[in-house]
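A.B. asks: Sequence plus the predicted model coming up.
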Amino acid sequence: ETGVTQTPRHLVMGMTNKKSLKCEQHLGHNAMYWYKQSAKKPLELMFVYSLEERVENNSVPSRFSPECPNSSHLFLHLHTLQPEDSALYLCASSRAPRDVTIYFGEGSWLTVV
Amino acid sequence: AQSVTQLGSHVSVSEGALVLLRCNYSSSVPPYLFWYVQYPNQGLQLLLKYTTGATLVKGINGFEAEFKKSETSFHLTKPSAHMSDAAEYFCAVSLYNTDKLIFGTGTRLQVFP
């Protein structure tokens, strides 16, 4: 399944930088997600957007700011991150807000230095 | 609250041998259960899922899993391992009619010639 694309695939940023991760889904889905994958830890759900409205924010620090301008695009804006934020950030989408079959992108590897 | 436990963070098998990856869940209501696979430097790909109906579920690449309610398990099996099966495998649980997936910590499968 290559219907969810993420850019960039790799990003190195300093703690004072501002950068953004981009996700686009070509599947006609109505729900989009950001997950964080760190070593030795389960995948963590960060944000859920349903029909362009944020419906879930799992206590994510404000240095992560999501944006969903339409049902096909999802951004994660990054500002003043910490080294412990280095991880693989996975975007995903599902057909409907309650459709449990979720399709993932290939992820964006983020390194904070 | 739901949770997922994957027994064994690493499993090694010989090519042609049986693959068994264990997953146990806890849920107060009937769960939806999933197995995802992550190949190196890639995102997660859905292998198979159980929602309702037949408890033995067949997925892609010859994998299958059986939902055993009495054992609260959803173990993943494949009769004969192939070198290309080397990857990380994630079990996940979702409550009926929600869009939240709870992931296990993953099991890395190594296949030796």
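C.D. replies: Great, that's in hand.

A.B. asks: residue contacts, residue 78?
C.D. replies: As the question left the chain open, I've gone with chain A. A:Met13, A:Asn17, A:Lys18, A:Lys19, A:Ser20, A:Leu21, A:Arg63, A:Phe64, A:Ser65, A:Asp85, A:Leu110 (C-beta atoms under 8 Å, 6 or more residues apart in numbering or on different chains). In this view, the C-beta of every residue, glycine as well, is placed from N, C-alpha and C.

A.B. asks: that's the other chain; I wanted chain B
C.D. replies: B:Leu18, B:Val19, B:Asn61, B:Gly62, B:Phe63, B:Glu64, B:Asp85.

A.B. asks: Could you list the low-pLDDT ranges of the chain?
C.D. replies: Went with chain A since none was named. Within chain A, the ranges that satisfy pLDDT under 70 run A:1-2, A:97-98.

A.B. asks: try chain B instead
C.D. replies: For chain B (pLDDT under 70), the answer is B:96-99.

A.B. asks: Does the most centrally placed residue in it fall in a helix, a strand, or a coil region?
C.D. replies: Centroid-nearest residue in chain B, with C-alpha atoms, centre = their mean: B:Trp35, separated by 3.5 Å. Recorded secondary structure, B:Trp35: strand (DSSP: H, G, I helix; E, B strand; the rest coil).

A.B. asks: I'd guessed it sits against B:Leu76; true?
C.D. replies: Yes: here B:Trp35 reaches B:Leu76: they are 5.0 Å apart, a contact under C-beta atoms under 8 Å.

A.B. asks: Pairing partners for residue 112 in the sheet, please.
C.D. replies: If you meant another chain, say so; for now it's chain A. Note on A:Val112: beta-bridge partners A:Met13, judged by DSSP bridges.

A.B. asks: nope, chain B please
C.D. replies: B:Ser14.

A.B. asks: ok, now which ones touch it?
C.D. replies: Per C-beta under 8 Å, 6+ apart, neighbours of B:Phe112: B:Ser12, B:Val13, B:Ser14, B:Glu15.

A.B. asks: what do you get for B:Arg22?
C.D. replies: Here B:Arg22 is in contact with B:Gln6, B:Leu7, B:Gly8, B:Ser73, B:His75, B:Thr107 (C-beta under 8 Å, 6+ apart).

A.B. asks: ok, those vs chain A, which is closest?
C.D. replies: B:Gln6 (9.2 Å; C-beta to the nearest C-beta).

A.B. asks: From B:Gln42, how far off is the nearest residue to A:Val100 once chain neighbours are set aside?
C.D. replies: Once flanking residues are discounted, A:Val100 sits nearest to B:Ser94: 4.6 Å by C-beta to C-beta, 6 or more residues apart in numbering or on different chains. Distance check for B:Ser94 against B:Gln42: by C-beta to C-beta, to the nearest Å, it reads 22 Å.
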